[in-house]
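K.L.:
missing the sequence, but the structure's below:
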Ligand SMILES: Nc1ncnc2c1ncn2[C@@H]1O[C@H](COP(=O)(O)OP(=O)(O)OP(=O)(O)O)[C@@H](O)[C@H]1O
Ligand SMILES: [Mg+2]
């Protein structure tokens, strides 16, 4: 399997002056293979979100390199970087960040239309297919304030998928959901991953991380340890076993 994303000696420092400086990423090395599902866990404030933003080109690292799909993206212009994010990456956050002035289906289609690779009717067709796939085919015309949190997060997944990205980055994708909705949303993400999309997910939730092939424990700005669980087979129904293995491992790290 080829490496799709790699961070090499990645640093991120915040603060305008030397005195105010906080070093949040401290030389992170991480390689993610195509088709992998990697979860990042760790204490609040350890730098997980900062890592996600800097490895995905949403923010600029202070030092080191990010190689994405064979290309060093560290030195790209903002415009080049936003084209890569639009065409090759998908993003999901705790809150959906959908636009209030657009309907559900317009929100999902928007990045597809922006990318300009397909005619509008084809984008709308793809939008409909994605909504059907995640079980929100009947609410496409709805206002985003009139649907549930789970439906919004499904819509956010569709939006992330509309340009068939190589990788999806998610920061606490189930953070605002109850546990049954969370598991439905994660079933969808596992399914997407099984169909070949790479996933990098930051989460506090053991039930979410237990679905990943590999869990990274982040501590004080760097990777402290890794736990390999292997690909989760949704048919096998062994999530509980995986959770137990992960809990044991996390306890050893003082989580
Ligand atoms: N824009 C910023 N300016 C200054 N400091 C920042 C900025 N963003 C993050 N930090 C600092 O970096 C550290 C790591 O923050 P980050 O949000 O990456 O943590 P996290 O591991 O995602 O935490 P949580 O689990 O609570 O989401 C924190 O000390 C935070 O205050
Ligand atoms: Mg965070």
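P.N.:
That came through fine. Note that this is a predicted model, so its numbers are computed, not measured. Ligands and ions are numbered 1, 2, ... in the order given.

K.L.:
For stretch 202-213, give me every contacting residue.
P.N.:
Under the contact criterion C-beta atoms under 8 Å, 6 or more residues apart in numbering, stretch 202-213 has outside partners 36-41, 44, 48-49, 51-52, 170-175, 179, 182-183, 186, 189-190, 199, 201, 215, 228-232, 239, 242-243, 245-247, 250. Bear in mind the C-beta positions are built from the backbone N, C-alpha and C, glycine included.

K.L.:
Out of the residues you listed, which are close to ligand 1?
P.N.:
44, 48, 49 (C-beta under 6 Å from any ligand atom).

K.L.:
Give me the phi and psi angles of the last one.
P.N.:
Note on residue 49: backbone dihedrals following degrees, to the nearest 10 are phi -70, psi -40.

K.L.:
Please list only the buried members of the contacts of stretch 202-213.
P.N.:
Neighbour-count burial (16 or more other C-beta atoms under 10 Å) is assigned, among the contacts of stretch 202-213, to 36-41, 48-49, 51-52, 170-175, 182, 186, 189-190, 199, 201, 215, 229, 231-232, 239, 242-243, 246, 250.

K.L.:
Can you spell out which helices and strands pack onto the longest helix along the chain?
P.N.:
Using DSSP state H to define each element, the chain has its longest helix at helix 179-194. When contacts are defined as 3 or more C-beta pairs under 8 Å, 6 or more residues apart in numbering; DSSP states H and E, helix 179-194 packs onto strand 37-42, helix 149-161, strand 167-171, strand 198-202, helix 206-209.

K.L.:
Just want the angle from it to helix 149-161.
P.N.:
Calculated by axes from the mean of the first three to the mean of the last three C-alpha atoms, to 10 degrees, helix 179-194 forms an angle of 20 degrees with helix 149-161.

K.L.:
neighbouring contacts of helix 179-194?
P.N.:
35, 37, 134, 148-150, 153-154, 157, 161, 168, 170, 173-174, 177, 199, 201, 205, 207-208, 211, 231-232, 234.

K.L.:
same question, stretch 46-65
P.N.:
By C-beta under 8 Å, 6+ apart, stretch 46-65 touches 5-13, 24-25, 27-28, 30, 40-42, 66, 68, 72-74, 76, 81, 84-85, 89, 91, 169, 171, 200, 202, 218-222.
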